[in-house]
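**Q** Attaching a predicted model along with its sequence, questions to come.
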Amino acid sequence: MKSFKEGTRAFGLWRLTALAIPLCVALGAAGVSRAEDGLGEWNVNPLRGPVDLGLADPALVGAIDVHVHLDPDAPGPSGVIRALDVFDAAALAKARGLRGFVYKTHQDAESAGAAYLVRKHAPGLEVFGRTASNYATGGINVAELVHYSRIKGGWGRIYEMPTLDSITATTRPGSMDPQNLERTRPWMLMMPEGTPPYIAVSKNGELLPEVKHLISVLAKIRTVDSNGRMVLATGHATPEEHLLLAREARRQGLNVLLTHPGDIPQLPEAAKLGAFIEVTASTIYKTEAARAAAAALIRKIGAESIIISTDCGQTGNVYPTDCLALAARGLRAHGITQAELDLMYKTNPAKLLGLPPLEQTAFSNAARQ
């Protein structure tokens with residue numbers, strides 16, 4: 001029996017070594033670099049895409065990622081394609097203990113239908129859709145909003161102001177040059193003459209009437225089947241527009257998410273209104289400076305007003321679950337507590353989406369077993 005155990009142990013060590021070698025090769029081939037402590041400076045080769053690093057972290061168990069880019073989808077700006085589809089993402093999320101995620105599409109309503117399919121054919125996760133008011137969806141378009149809320153299941157929950165076609169897409173030097181548009185917004189080269197270069201949300205410091213009307217409709221809607229309340233996300237707005245949108249939507253009783261606004265002066269007032277501020281893990285995990293800046297922002301605004309999403313799923317980033325884990329490690333290294341991480345990863349996303357607290361769910365009992 002002793003020799004059998006020794007043989008088994010030797011075989012086990014050989015098998016671990018055999019598995020470790022191709023994994024290391026895969027990590028190198030994928031262009032992923034990392035320090036031994038799991039932090040350091042990170043890089044993923046977008047031509048090869050990420051590999052599953054298999055990272056686990058207490059912050060992931062019960063987390064909801066409210067911003068994931070997945071297939072099926074068109075490439076993002078600069079032609080960046082998605083690294084995994086919605087079913088792959090569901091399998092990965094389950095394996096790492098997530099409570100759910102929100103699949104974001106910039107230019108169509110299919111995220112709501114995809115959420116329905118995942119819930120039906122790969123149940124066990126809270127999966128929702130998130131779409132935006134860009135040219136492809138008709139801009140500030142109540143018809144699209146109503147349609148999105150009525151897709152079977154009613155899992156399209158976050159409705160966003162313009163992103164790819166927002167005013168901020170036109171303000172960088174050369175952003176409207178044909179060569180740049182071909183790379184970032186090729187549809188603009190084919191639009192009728194006289195088409196505005198962006199979809200306006202405000203004018204002279206006030207929201208446009210059609211934006212206020214859409215927000216009022218959004219506040220009244222209950223989604224088909226699941227009877228859920230919609231959420232307004234502010235999109236790629238200007239700092240002033242983030243606050244204007246938050247103020248109007250909160251006045252109408254809506255839950256609000258400021259779409260990764262950065263450290264803008266309007267954040268304290270938006271937080272005071274009860275809006276949540278999105279901080280993306282994809283901007284936290286990559287550098288030490290970014291981790292320090294995110295921790296400072298959390299201390300300034302307060303974790304009770306912040307949601308950490310990933311904005312991952314593209315071939316140029318690590319997988320969403322690894323992104324969450326790396327961001328959590330980096331924030332802890334800068335003094336952010338586990339209680340604060342739980343607020344930003346679990347409690348606040350659930351509040352945003354109108355879900356019960358994690359401890360009141362069957363998911364919590366299953367996670368403890």
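**A** Yes, it's here.

**Q** tell me the pLDDT at the closest residue to Gly274 other than its chain neighbours?
**A** Distances taken as C-beta to C-beta, 6 or more residues apart in numbering place Arg250 nearest to Gly274, at 5.6 Å, with adjacent residues excluded. For glycine as for every other residue, the C-beta is placed from the backbone atoms N, C-alpha and C. pLDDT, Arg250: 98.

**Q** which ones are touching Arg250?
**A** Contacts for Arg250 were tallied using C-beta atoms under 8 Å, 6 or more residues apart in numbering; they are Val256, Leu273, Gly274, Ala275.

**Q** Quick one, which of those are buried?
**A** Buried members of those, counted by 16 or more other C-beta atoms under 10 Å: Val256, Ala275.

**Q** Dump the contacts of Arg250 to TSV, plus secondary structure, distance to Thr287 and pLDDT.
**A** Shown next, in TSV, are those (DSSP: H, G, I helix; E, B strand; the rest coil; distance: C-beta to C-beta, whole Å; pLDDT from 0 to 100):
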residue	secondary structure	distance to Thr287	pLDDT
Val256	strand	29	98
Leu273	helix	31	98
Gly274	coil	32	98
Ala275	coil	27	98
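
**Q** of the contacts of Arg250, closest to Gly40?
**A** Sorting these by distance to Gly40 puts Ala275 at the head of the list, at 33.5 Å, by C-beta to C-beta.

**Q** how close does that closest one sit to Thr234?
**A** 8 Å (C-beta to C-beta, to the nearest Å).

**Q** so what sits against both of the two?
**A** Jointly contacting Ala275 and Thr234 under the rule C-beta under 8 Å, 6+ apart are Ala246, Val256, Leu257, Leu258.

**Q** how many neighbours does the last one have?
**A** What that stands for is Leu258. Counted with other C-beta atoms under 10 Å, the neighbours of Leu258 add up to 29.

**Q** what helix or strand is the residue lying closest to Leu207 once chain neighbours are set aside on?
**A** Spatial nearest neighbour of Leu207, excluding adjacent residues (C-beta to C-beta, 6+ apart): Leu244 at 5.2 Å. Counting by DSSP states H and E, the element that carries Leu244 is helix 239-251.

**Q** buried sites along that helix?
**A** Using 16+ other C-beta under 10 Å as the test for burial, helix 239-251 gives Pro239, Glu241, His242, Leu243, Leu244, Leu245, Ala246, Arg247, Glu248, Ala249, Arg250.

**Q** Can you give me the distance of Pro357 to Lys346?
**A** In this view, Pro357 and Lys346 are 9 Å apart by C-beta to C-beta.

**Q** Compare those two (neighbour count), which wins?
**A** The neighbour comparison of Pro357 against Lys346 (other C-beta under 10 Å) goes to Lys346, with 24 against 12.

**Q** what about stretch 232-239, how long is it end to end?
**A** Taking C-alpha to C-alpha, to the nearest Å, stretch 232-239 runs 16 Å from one end to the other.

**Q** Now do that stretch: everything it contacts.
**A** By C-beta under 8 Å, 6+ apart, the residues outside stretch 232-239 that reach it are 130, 132-133, 158-164, 166-169, 201-202, 215, 218, 241-242, 245-246, 249, 254-259, 261, 264-266, 278.

**Q** How far off centre is it?
**A** 14 Å (C-alpha atoms, centre = their mean, to the nearest Å).
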